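1. how does the following fold in three dimensions:
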Amino acid sequence: MVVSFALAMLLVLASVAAKLLVGLPPTVEYAVGLIFACLAVYGAIVQFSARCPACRFRIGLQSRLLLPPACPRCRVSFRPQPPA
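-> Numbering: from 1, shown residues only. Modelled structure (predicted):
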């Protein structure tokens, strides 16, 4: 998920820089916009398909872009326990 977000932001920055520096033909702008939209849809699908490994509860609908500390239904912790 983080890689998709970073790739999308890099694509936006590169397209804005290219447009400001040299200008882009409209077809290239549309292609970049389409790629960005596909990355956004992919990120949303990944986010909303996240499930708790213990009870299979969909946690993507209850959380923002970060993984919550524990499952809201079964309270299983998602954080690794430090070694003793």
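2. shaky segments in the protein?
-> Within the chain, the ranges that satisfy pLDDT under 70 run 1-2, 4, 61-65, 84.
3. show me where the chain has its helices.
-> Using DSSP state H, the helices of the chain run over 2-21, 26-48.
4. let's have those in a markdown table, adding mean neighbour count.
-> Where you see a C-beta, it was placed from the backbone N, CA and C, and this is true even at glycine. Below are those laid out as a markdown table (neighbours: other CB atoms under 10 Å):
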| stretch | mean neighbour count |
| --- | --- |
| helix 2-21 | 12 |
| helix 26-48 | 13 |
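5. quick one: closest of those to P83.
-> helix 2-21 (24.9 Å; CB to CB).
6. what helices and strands are in contact with that closest one?
-> Counting contacts by 3 or more CB pairs under 8 Å, 6 or more residues apart in numbering; DSSP states H and E, helix 2-21 packs against helix 26-48.
7. tell me what the helix it packs on is packed against?
-> Using 3+ CB pairs under 8 Å, 6+ apart, helix 26-48 sits against helix 2-21.
8. and the helix it packs on with helix 26-48, angle?
-> On the basis of axes from the mean of the first three to the mean of the last three CA atoms, to 10 degrees, helix 2-21 is oriented at 160 degrees to helix 26-48.
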